[in-house]
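Enquirer: Task: produce atomic coordinates for the following.
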Amino acid sequence: MSKSAPIILNPADTIAILPAGAKAGDDPLGLGAPLASNVFPGHKLARKDHKKGEEIIKFGEVIGRATQDIAAGDHVHSHNLAFSDHGQDYQVGLDLEKAKAAIPTMEPRTFMGYRRKNGEVGTRNFLALLATVNCSATVIKHATQELIASGILDEYENVDGIVGLTHSTGCGMSGTKSMEVLERVLWGYATHPNVGATVFVGLGCEMMEMARMKSRFDADNGEVMEQFHSLAIQEVGGTRKTIEAIKAKVRELLPAVNKVKREPCPASELKIALQCGGSDGFSGITANPALGKTADMLAGLGATAILSETPEIYGAEQLLLRRAESKEIADKLINQIKWWEHYVDVNDGSLDNNPSPGNKAGGLTTILEKSLGATAKSGSTPLTAVYDYAEKMTKPGFVYMDTPGYDPACATGQIAGGAHMVVFTTGRGSAFGSKPAPTIKVATNDHLFESMPDDMDVNCGDVLSKGVSLEEKGAEMLDYIIAVASGEKTKSERLGLGEYEFVPWQIGAMM
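Expert: Predicted coordinates for the structure are as follows:
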């Protein structure tokens with residue numbers, strides 16, 4: 001693939017993408033139509049004339065309609081292209097057999113992981129401090145900082161860190177759905193295979209009462225109960241006493257958490273979250289389809305690849321439904337789409353509030369275009385399950401979880417559901433990280449990889465600049481996933497990112 005030649009992703013496309021941009025007076029498509037002004041890399045040019053109201057096609061799918069007449073060779077973007085309703089005459093299972101054939105035959109692989117007593121496998125071994133309510137955020141932050149500054153972790157080579165996770169809710173919550181979501185998130189993090197022990201810290205009078213969490217743990221087996229501990233500020237005797245009590249509890253727990261050691265584990269145990277943020281016009285050309293190849297390989301290994309961000313697959317959901325394994329799976333995703341349509345309507349919003357200004361500067365124009373590129377992360381294999389936000393994931397293969405498009409809230413749900421790590425593609429650049437499941441950041445273009453070297457782990461720009469195949473790049477990412485699962489630190493881990501990206505989804509009204 002040439003670095004500068006216009007890119008046509010599907011023969012049916014009515015636009016082409018300029019990988020290197022073009023200057024005023026250039027005629028990149030050779031149509032005898034010189035450009036009136038400069039066009040940035042990743043932006044689109046019309047391959048044919050479009051009448052006002054005519055569909056514009058990219059990826060072989062409709063990405064919107066012309067808002068005015070567009071001549072062949074013209075720049076196509078926000079000034080002449082707009083969102084349009086997409087068809088919802090879903091063809092469930094139409095591509096299922098094709099999807100089954102897309103599962104690659106893979107040689108079994110292993111990684112060095114932590115085997116837990118309940119049989120699950122972790123890629124990290126953290127001790128987690130979890131707030132049940134915003135009121136306990138400060139004591140958790142102070143205790144975490146003081147423990148790390150003390151150097152105590154130097155004594156425990158098998159402990160990857162202490163993570164203090166706080167949030168802005170836990171009280172003033174309206175409706176049972178908000179409570180259920182927060183409870184699922186807290187439960188999912190507390191019992192995450194990357195966590196060796198958990199200390200819940202509350203105030204003592206909040207809606208998300210400690211007793212509520214204890215009752216849930218009581219329903220589980222004793223092996224899980226061993227890792228659950230709790231403190232309440234009102235019971236301990238105030239802020240400073242609670243900070244000291246947290247530190248004492250952590251010191252007490254660290255020797256036991258340190259006992260587990262890495263051992264060979266099958267790659268089929270891995271659950272990998274697929275994310276994108278700060279997308280650009282190259283996201284759907286390089287990094288996302290390359291990650292889709294990785295997702296297919298994960299399915300071939302018997303592992304799990306998790307796509308999410310319902311507002312950002314909107315308009316492309318039919319591509320997932322066509323490979324749903326059953327009507328029940330498809331119906332759950334369709335119901336989630338309809339819920340989102342209602343949710344934004346009653347909140348005076350629109351599912352076309354995307355792309356963001358940064359996305360548009362990078363060449364993306366409508367949510368339909370962004371969704372089609374984002375969906376490329378999912379690969380080509382069957383959709384084996386659909387989950388609610390933060391629901392525990394148990395089915396291998398390609399699965400879907402309903403989440404917002406906001407990256408921190410999305411990743412929080414995926415990790416609560418059991419994701420061992422997040423693979424995050426970006427074209428504009430992102431300073432995102434996550435704990436206790438690390439984030440791998442993937443650049444869509446060479447410029448980003450070179451300009452943010454401390455943040456980017458993998459470069460997919462060479463798909464265009466050097467002709468690296470999507471299959472080769474997908475295999476490279478799989479190798480890196482295995483290395484990270486075995487303990488290699490990602491760039492975001494080295495920077496210490498991840499605690500402030502813990503953002504449970506707040507659905508209901510704040511009271």
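Enquirer: Do me a favour and average the pLDDT over stretch 227-235.
Expert: Mean pLDDT, computed over stretch 227-235, is 91.
Enquirer: ugh, typo on my part, it should be stretch 22-35
Expert: Stretch 22-35 shows a mean pLDDT of 93.
Enquirer: got it, and stretch 313-321?
Expert: pLDDT averaged over stretch 313-321 gives 92.
Enquirer: distance between it and the chain's centre?
Expert: In terms of Cα atoms, centre = their mean, to the nearest Å, the centre of stretch 313-321 is set 17 Å apart from its chain centre.
Enquirer: ditto for stretch 479-499
Expert: In terms of Cα atoms, centre = their mean, the centre of stretch 479-499 is set 15 Å apart from its chain centre.
Enquirer: same check, this time on stretch 262-270
Expert: 22 Å.
Enquirer: mind checking the end-to-end distance for that stretch?
Expert: 15 Å (Cα to Cα, to the nearest Å).
Enquirer: State the paired neighbours of whatever helix or strand G113 lives in in the sheet, together with their directions.
Expert: Taking DSSP states H and E as the criterion, G113 maps to strand 110-115. Using DSSP bridges, strand 110-115 pairs in its sheet with strand 121-122 (antiparallel), strand 262-266 (antiparallel).
Enquirer: Name the stretch among the ones you listed that sits most buried.
Expert: Highest mean neighbour count among those (mean count of other Cβ atoms under 10 Å): strand 121-122, with a mean of 22. (Each C-beta comes from the backbone N, C-alpha and C, glycine too.)
Enquirer: Verify the stated contact: A46 with D13.
Expert: No - applying Cβ atoms under 8 Å, one finds A46 not in contact with D13, separated by 10.3 Å.
Enquirer: Who has more neighbours out of those two?
Expert: A46 (23 against 20; other Cβ atoms under 10 Å).
Enquirer: which residues touch that one?
Expert: A46 is in contact with 14-15, 56, 70-74, 76, counting by Cβ atoms under 8 Å, 6 or more residues apart in numbering.
Enquirer: Against A232, how distant is T132?
Expert: Distance, T132 to A232, by Cβ to Cβ, to the nearest Å: 9 Å.
Enquirer: Over to A419?
Expert: 30 Å.
Enquirer: Likewise for E341?
Expert: 41 Å.
Enquirer: quick one: which of these two has more around it?
Expert: The neighbour comparison of E341 against A232 (other Cβ under 10 Å) goes to A232, with 20 against 13.
Enquirer: Can you name the residues that contact the closest residue to the more buried one other than its chain neighbours?
Expert: With Cβ to Cβ, 6 or more residues apart in numbering as the criterion, A232 has its nearest non-adjacent residue at 4.0 Å, and that residue is G204. Contact analysis of G204 by Cβ under 8 Å, 6+ apart lists 210, 232-235.
Enquirer: returning to that earlier point: switch the strands paired with strand 110-115 over to JSON lines; also include mean pLDDT.
Expert: Shown next, in JSON lines, are the strands paired with strand 110-115 (pLDDT from 0 to 100):
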{"stretch": "strand 121-122", "mean pLDDT": "98"}
{"stretch": "strand 262-266", "mean pLDDT": "98"}
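Enquirer: need those in TSV with distance to E155, can you?
Expert: Converted to TSV, the strands paired with strand 110-115 look like this (distance: least, Cβ to Cβ, whole Å):
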stretch	distance to E155
strand 121-122	21
strand 262-266	18
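Enquirer: With respect to Y314, which of those strands lies nearest?
Expert: The closest approach between Y314 and any of those, judged by Cβ to Cβ, belongs to strand 121-122 at 33.7 Å.
Enquirer: next one: the helix or strand following that closest one to chain centre, how far?
Expert: Note on strand 121-122: by DSSP H and E, the next helix or strand toward the C-terminus is strand 126-131. Distance, stretch centre to chain centre, for strand 126-131: 21 Å (Cα atoms, centre = their mean).
Enquirer: Rounded mean pLDDT for strand 126-131, please.
Expert: Rounded to a whole number, the mean pLDDT of strand 126-131 is 98.
Enquirer: Show me which of the contacts of A46 are buried.
Expert: Among the contacts of A46, those scoring as buried are 14-15, 56, 70, 73-74, 76 (criterion: 16 or more other Cβ atoms under 10 Å).
Enquirer: Name the member of the residues you listed with the shortest distance to L35.
Expert: G73 (7.4 Å).
Enquirer: Doesn't that closest one belong to a strand?
Expert: No - the assignment for G73 by DSSP: H, G, I helix; E, B strand; the rest coil gives coil, which leaves it out of any strand.
Enquirer: isn't it right up against A22?
Expert: No - using Cβ under 8 Å, G73 is not in contact with A22; the gap is 10.3 Å.
Enquirer: Now do the shared contacts for the two.
Expert: In contact with both G73 and A22: L35, using Cβ under 8 Å, 6+ apart.
Enquirer: Tell me where the stretch 1-150 of the chain has helices.
Expert: 96-101, 137-150 (DSSP state H, counting those that start in this stretch).
Enquirer: now the stretch 151-300 of the chain
Expert: Applying DSSP H, counting those that start in this stretch to the stretch 151-300 of the chain gives helices spanning 176-190, 210-218, 222-225, 233-236, 239-257, 287-300.
Enquirer: out of the ones you listed, nearest to G60?
Expert: With Cβ to Cβ, the closest approach to G60 among these belongs to helix 287-300: 13.3 Å.
Enquirer: Output the contacting helices and strands for the closest one.
Expert: strand 271-276, strand 304-307, strand 397-401, strand 421-426, strand 439-443, helix 470-485 (3 or more Cβ pairs under 8 Å, 6 or more residues apart in numbering; DSSP states H and E).
Enquirer: how many neighbours does E252 have?
Expert: Every residue meeting other Cβ under 10 Å relative to E252 is counted, giving 12.
Enquirer: I'd like the distance between it and I152.
Expert: Using Cβ to Cβ, E252 is found at 12 Å from I152.
Enquirer: same deal with G433?
Expert: 23 Å.
Enquirer: between the two, who's got more neighbours?
Expert: Neighbours per residue (other Cβ under 10 Å) separate G433 from I152, with G433 holding more: 24 against 16.
Enquirer: Excluding residues flanking it in the chain, which one is nearest T132?
Expert: G202 (3.9 Å).
Enquirer: Next up, the contacts around that neighbour.
Expert: 131-133, 135-136, 170, 208-210, 230-233.
Enquirer: mind redoing it with 7 Å?
Expert: Residues in contact with G202 (Cβ atoms under 7 Å, 6 or more residues apart in numbering) are 132-133, 136, 210, 232.
Enquirer: So among these, which ones count as buried?
Expert: 132-133, 136, 210, 232.
Enquirer: got CSV for these, with distance to T426 too?
Expert: Formatted as CSV, the buried ones among the contacts of G202 follow (distance: Cβ to Cβ, whole Å):
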residue, distance to T426
T132, 33
V133, 33
S136, 33
M210, 38
A232, 40
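Enquirer: Nearest to D454 among those?
Expert: Comparing those against D454 with Cβ to Cβ places S136 closest, at 32.4 Å.
Enquirer: Give me the pLDDT value at N354.
Expert: At N354, the predicted lDDT confidence score is 62.
Enquirer: Ok, L364 next?
Expert: 85.
Enquirer: and if you look at K370?
Expert: pLDDT, K370: 85.
Enquirer: Where does it sit: helix, strand or coil?
Expert: Here K370 is recorded as helix under three-state DSSP.
Enquirer: That one is in contact with G362, isn't it?
Expert: No - between K370 and G362 there is no contact under Cβ atoms under 7 Å: 10.1 Å.
Enquirer: Mutual contacts of those two, please.
Expert: Residues touching both K370 and G362 (Cβ under 7 Å, 6+ apart) are S279.
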